[in-house]
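> Build me a structure from this.
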Amino acid sequence: MRIWSIHPKYLDSKGLVALWRETLLAKKVLEGKTKGYKNHPQLERFKKSKNPIDCINQYLAIVYKESVSRGYNFNKEKIDWNFYKTKLKVTNGQIDYERIHLINKLKTRDIRKYRMLKTEKTFQPHTLFKVVKGNIEKWEIINIDK
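Numbering: from 1, shown residues only. This next block holds a predicted model:
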């Protein structure tokens, strides 16, 4: 499971669809509606927030909006649109790690998107997140791509 800290506009089509599915699973975990993935590291920042369900719905809303801009047909009824808006912190080290991680994935998955993004030095975060100075987040499972 990967719930990206970077804005979903950077993801290729496979990545955006996977993010939608995985975030819906994360929502079920946070709602206590599934037994799997309860201790997944990607959920730590949501669990530590004042209202994890509002945060995950806010996160999903942006993923949904990105899908609409691409002409996809994601089910907006999966989101509780009455969420309270908030901000979670993410480190600039995490954003940079995810930028490199995604670019490496795109080399083999979507060469056109790879060529568009490979020279980008910084990526914007998902709008749920406020960037603070720091290293890669402790919950990240570091994968050194070749």
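> can you pull the alpha-carbon coordinates of stretch 79-89 into CSV?
Provided in CSV are the C-alpha atoms of stretch 79-89 (Å, rounded to 0.1, in the frame of the first residue of the first chain):
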residue,chain,number,x,y,z
ILE,A,79,-16.2,9.7,0.1
ASP,A,80,-17.9,11.4,3.0
TRP,A,81,-17.8,15.0,1.7
ASN,A,82,-18.7,16.4,5.1
PHE,A,83,-15.1,16.2,6.3
TYR,A,84,-13.4,18.9,8.4
LYS,A,85,-10.4,20.3,6.5
THR,A,86,-7.1,20.0,8.2
LYS,A,87,-3.4,19.8,7.5
LEU,A,88,-1.0,17.0,8.3
LYS,A,89,2.8,17.5,8.3
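> Start and end of stretch 107-120, how far apart?
Using CA to CA, to the nearest Å, the end-to-end distance of stretch 107-120 comes to 14 Å.
> Name the residues of it that are buried.
Using 16 or more other CB atoms under 10 Å as the test for burial, stretch 107-120 gives 110, 113-114, 117. (C-beta placed from N, C-alpha, C; glycine too.)
> Which residue, other than its chain neighbours, is closest to Asn57?
Phe83 (4.0 Å; CB to CB, 6 or more residues apart in numbering).
> Specify the local secondary structure of the one you found.
Following DSSP: H, G, I helix; E, B strand; the rest coil, Phe83 is assigned to coil.
> Number of residues surrounding it?
Using other CB atoms under 10 Å, Phe83 has 17 other residues around it.
> Next one: Val132 from Pro125, what distance?
Counting by CB to CB, to the nearest Å, the separation of Val132 from Pro125 is 10 Å.
> Between these two, tell me which one has more neighbours.
Applying other CB under 10 Å to Val132 and Pro125 shows that Pro125 carries more neighbours, namely 21 against 11.
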